[in-house]
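Enquirer: Provided below are the primary sequence and the corresponding predicted coordinates.
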Amino acid sequence: MKSALVTGANKGIGFEVARELARKGFYVYLGSRNLESGRSAVEKLKGEGINNVGTVQLDVADPESVFAARNTIGLKTGTLDVLVNNAGISGGLQQSALETPAEQFRTVFETNLFGVIGVTQAFMDLLKGSTAPRIVNVSTSMASLALAAELDNRNYPKRYAAYQSSKSALNMYTISLAYELRDTPFKVNAVCPGWTKTDFTGQQGTSTAEEAAQRIVKYALIDENGPTGKFFSEEYFPEPANCPW
C-alpha cells in the first residue's frame, strides 16, 4: 500500500486531503500539531469505515517535532509516496507592509516557508524510496507576483503582506526543489486550493473543503508525464498555462 503524509490534517482542507487520499488507497498519516486533535480526526475517518489512517504529532515550526515525526513514521515504513505540505497560518488580518512588525513576518515565515523546508528535507530519504514520489505545496493565488503587481487588481481589495510574502517564497522554493529533482521520478508542484470555506477564512469563500482537497489530490496523483515545478490555481485559472507565478 502506498503511503502519504499530510501536514495540518486534523481539520479543514488538510483533513479532506487525507480523507481523499485514503479513499484512493493510500495509508495516510495525518500530521497534527495537537496530537489529541489528530486522534479525533482519525477516529472520525474510522467511523466512516476508512481504516487506513493514522496520526502523528507534527508541529512544522518545531524542528524537534519534525524530527520525532520522521522517526515515528520511519519505524512503520521505509517509503513515503506523497507529501502534502498543507499546514499554514495567516498571521492575522492586519498586515501592512509599512506597519507589521518584522517579528510577525518571522512567525508567518516560520510555518509557511521554513516549516515546509524542514518537513521536506526530513522526509526526503523516505520519499526517495518511492518509485513515483510526489510533493504538493499548498500555496495561494495571493502569492502571485504577477497578479499582486497590478496595484488596482480587484482580486486584492486587501493586502496581507506577511502571508503573501511567505507564500511567494514558498513558490520559489517549489521551483528550486523541482529543479534539483528534475532528473528523478519526483514531481513537485504548488497548488492553490481556492478561496475555501474553512476556519482559516472564517468560513468565507467560494469553494468547499472537499472541492479544495480534490484540486490538491489531483497533483498528488499525477503520472510520470505530469508537470513539475508548476503553480496551479484552477479556481481562478482553469488553463494551467495561464497561471501566473
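Expert: Everything's here; your move.
Enquirer: For the residue nearest the centre of the chain, give its distance to residue 120.
Expert: Most central in the chain under Cα atoms, centre = their mean is residue 86, positioned 2.4 Å from the mean C-alpha point. Here residue 86 is placed at a distance of 13 Å from residue 120 (Cβ to Cβ, to the nearest Å). Using the backbone N, CA and C atoms, a C-beta is placed for each residue, glycine as well.
Enquirer: Next: residue 159.
Expert: For residue 159, the distance to residue 120 - Cβ to Cβ - is 28 Å.
Enquirer: same deal with residue 6?
Expert: Residue 6 is 13 Å from residue 120, by Cβ to Cβ.
Enquirer: quick one, which of these two is more surrounded?
Expert: residue 6 (36 against 19; other Cβ atoms under 10 Å).
Enquirer: Give the buried residues for the lowest-mean-pLDDT helix or strand in the chain.
Expert: For the chain, the helix or strand with the lowest mean confidence is helix 145-148, at a mean of 85 (criterion: mean pLDDT, DSSP states H and E). For helix 145-148, the neighbour count (16 or more other Cβ atoms under 10 Å) marks 147, 148 as buried.
Enquirer: With stretch 89-96 instead?
Expert: So, applying 16+ other Cβ under 10 Å, buried residues of stretch 89-96: 89, 90, 91, 95.
Enquirer: Off-centre distance for it?
Expert: In terms of Cα atoms, centre = their mean, to the nearest Å, the centre of stretch 89-96 is set 19 Å apart from its chain centre.
Enquirer: Please save the CA atoms from it in CSV.
Expert: In CSV, the C-alpha atoms belonging to stretch 89-96 read as follows (Å, rounded to 0.1, in the frame of the first residue of the first chain):
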residue,chain,number,x,y,z
ILE,A,89,-1.0,30.2,9.2
SER,A,90,-2.4,33.5,8.1
GLY,A,91,-0.6,35.7,10.6
GLY,A,92,-3.6,37.8,11.5
LEU,A,93,-5.7,40.2,9.5
GLN,A,94,-3.7,43.4,9.9
GLN,A,95,-0.7,43.0,7.7
SER,A,96,0.6,46.3,6.5
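Enquirer: Surely residue 31 is in a helix?
Expert: No. Membership of residue 31 in a helix is not supported by DSSP: H, G, I helix; E, B strand; the rest coil, which gives strand.
Enquirer: mind listing what it touches?
Expert: 5-9, 14, 38, 55-56, 58, 60, 69, 87 (Cβ atoms under 8 Å, 6 or more residues apart in numbering).
Enquirer: Now a ChimeraX select for only the buried ones of those residues.
Expert: Selection command for ChimeraX covering only the buried members of these, criterion 16+ other Cβ under 10 Å:
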select :5,6,7,8,9,14,38,55,56,58,60,69,87
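Enquirer: Can you list the residue ranges for helices in the protein?
Expert: Using DSSP state H, the helices of the chain run over 12-23, 35-47, 63-74, 102-109, 115-122, 124-128, 145-148, 161-180, 209-220.
Enquirer: looking at those helices, which one has the lowest mean pLDDT?
Expert: Mean pLDDT values for those show the minimum at helix 145-148, a mean of 85.
Enquirer: what's the burial count for residue 4?
Expert: That count, for residue 4 with other Cβ under 10 Å as the rule, works out to 25.
Enquirer: which residues does it form a beta bridge with?
Expert: residue 28, residue 82 (DSSP bridges).
Enquirer: of the buried residues of stretch 89-96, closest to residue 43?
Expert: residue 89 (25.3 Å; Cβ to Cβ).
Enquirer: Please name the residues that touch residue 108.
Expert: Contact partners of residue 108, counting by Cβ under 8 Å, 6+ apart, are 89, 90, 91, 162, 163, 165, 166.
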